[in-house]
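Engineer: I'll drop the sequence and a predicted model, then ask my questions.
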Amino acid sequence: MANTIYIEYDFTVSPLQPASDILIAELGEAGFESFVENETGVLAYVQKDEWSEKCMDFIAILKNPEFTFEYKVREIEQENWNATWERNFSPIQVGDQCVVRAPFHEKPEVAYDIVIEPKMSFGTGHHETTHMMLQFVLEHDFKEKTVLDMGSGTGVLAILAAMKGAKKVDAIDIDNWCYLNAKENVERNGVGQVSVFEGDAQLLGGTAYDIILANINRNILLEDIPKYVQNLAPNGILFVSGFYKDDISIISEKCKACGLKFEKNLQRNDWVAVKYVF
Ligand SMILES: C[S@@+](CC[C@H](N)C(=O)[O-])C[C@H]1O[C@@H](n2cnc3c(N)ncnc32)[C@H](O)[C@@H]1O
């Protein structure tokens, strides 16, 4: 099978924060699929055959008068991604018990050692939203729980939930590449109680999950929270992220209309993760 061709934009931004976060959020909306943050800015990727259709408008983003953005563009084949990612990825420590790392990093002495090869999928712990969702998973009791990880990316949240004793974890992602990558990562971490599916909230039907994790984005959450809640057990917990602090009120309203109560939120830079309970 031919390798997929991606377009890589290598952005140099100033100041690094919050310009990198703004760029990632805007490019995500424009259709870019994957991002790597580095010391000078952001590498952003989009599949070549979807590029012209999805991303024609993104240049407007670069006209923000408060930041400077410069970029270089090149085509890369999927197999070259490994080189890019090995160059940019360092282990991430979450709390004192959890490290997310690549197979080529040294094994740390922690309770939860998660080995991820993200390739083109989102979810290494570098992004604020992943970091906070991992923090929530670390803080909560997952023993014998049934769990849904919606928008699972690399599968990192599902893997930690399983390591913390969940008895069944369903990980769902709409993107074929994430689906394949999460399956690989689940196998690599030996967490047999995680099943990975390709799709979205339409796949849900019947399971009453004790805990649902959904780190996606504001608009998908606003649309799909009612479907998640239909699949949440009495006394269940919903953890969501993928949006900014200014969006907490609109997400909370949607949750309230579905019978959920706001319990707490975490914040890193302007990103938040929120816990709701039934
Ligand atoms: C922000 S990433 C989160 C990945 C990972 N869970 C983490 O915390 O790092 C969002 C993921 O949601 C997936 N996604 C986007 N829309 C979706 C939808 N409607 N249903 C399921 N997954 C979706 C994307 O492919 C992407 O992998």
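Structural biologist: Structure received. Given the structure is predicted, the values throughout are model-derived calculations rather than measurements.

Engineer: make it CA atoms for all contacts and neighbour counts henceforth
Structural biologist: Fine.

Engineer: what residue ranges in the stretch 51-200 of the chain score low on pLDDT?
Structural biologist: 52-61, 78-88, 118-123 (pLDDT under 70).

Engineer: So which bits of it are right by the ligand?
Structural biologist: 121-123, 130, 150-153, 157, 172-175, 178, 200 (Cα under 6 Å from any ligand atom).

Engineer: can we see that at 5 Å?
Structural biologist: 122, 123, 130, 151, 152, 153, 173, 174, 175, 200 (Cα under 5 Å from any ligand atom).

Engineer: and of those, the nearest to residue 244?
Structural biologist: Residue 244 lies nearest to residue 130 out of those, by Cα to Cα, at 13.4 Å.

Engineer: Most widely separated two among the residues of the stretch 51-200 of the chain next to the ligand?
Structural biologist: Longest span within these, Cα to Cα: 130 and 200, 19.0 Å.

Engineer: quick one: which of the residues of the stretch 51-200 of the chain next to the ligand sit in strands?
Structural biologist: Counting by DSSP state E, the part of these found in strands is residue 173.

Engineer: Any chance of the residues of the stretch 51-200 of the chain next to the ligand in TSV with distance to residue 26 as columns?
Structural biologist: Formatted as TSV, these follow (distance: Cα to Cα, whole Å):
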residue	distance to residue 26
122	15
123	18
130	18
151	19
152	21
153	19
173	21
174	20
175	19
200	22
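
Engineer: any chance of the residues of the stretch 51-200 of the chain next to the ligand in a markdown table, with neighbour count and distance to residue 266 too?
Structural biologist: Formatted as a markdown table, these follow (neighbours: other Cα atoms under 10 Å; distance: Cα to Cα, whole Å):
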| residue | neighbour count | distance to residue 266 |
| --- | --- | --- |
| 122 | 21 | 20 |
| 123 | 28 | 18 |
| 130 | 21 | 12 |
| 151 | 26 | 19 |
| 152 | 31 | 19 |
| 153 | 30 | 21 |
| 173 | 24 | 24 |
| 174 | 16 | 26 |
| 175 | 18 | 27 |
| 200 | 15 | 25 |
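
Engineer: Tell me the one among the residues of the stretch 51-200 of the chain next to the ligand nearest to residue 216.
Structural biologist: residue 151 (5.8 Å).

Engineer: Which one of the residues of the stretch 51-200 of the chain next to the ligand is nearest to residue 249?
Structural biologist: Nearest member of those to residue 249, counting by Cα to Cα, is residue 130, at 20.6 Å.

Engineer: Report the secondary structure state of residue 238.
Structural biologist: What DSSP: H, G, I helix; E, B strand; the rest coil gives for residue 238 is strand.

Engineer: How confident is the prediction for it, by pLDDT?
Structural biologist: Residue 238 is assigned 98 on the pLDDT scale.

Engineer: Then the one 4 residues further on?
Structural biologist: According to the prediction, residue 242 has pLDDT 92.

Engineer: Help me confirm that it is found in a helix?
Structural biologist: No: using three-state DSSP, the assignment for residue 242 is strand, not a helix.

Engineer: so who does the nearest residue to it once chain neighbours are set aside touch?
Structural biologist: Nearest residue to residue 242, sequence neighbours excluded (Cα to Cα, 6 or more residues apart in numbering): residue 217, at 4.4 Å. By Cα atoms under 8 Å, 6 or more residues apart in numbering, the contact set of residue 217 is 241, 242, 243.

Engineer: Pick the one among these closest to residue 191.
Structural biologist: Once Cα to Cα is applied, the member of the contacts of residue 217 that ends up nearest residue 191 is residue 241, at 23.7 Å.

Engineer: Isn't the closest one up against residue 272?
Structural biologist: Yes: taking Cα atoms under 8 Å as the definition, residue 241 is a contact partner of residue 272 at 6.1 Å.

Engineer: of those two, who's got more company?
Structural biologist: Neighbour count, other Cα atoms under 10 Å: between residue 241 and residue 272, residue 241 has more, with 28 against 22.

Engineer: Now do the contacts for that one.
Structural biologist: 129, 133, 214, 215, 216, 217, 271, 272, 273, 274.
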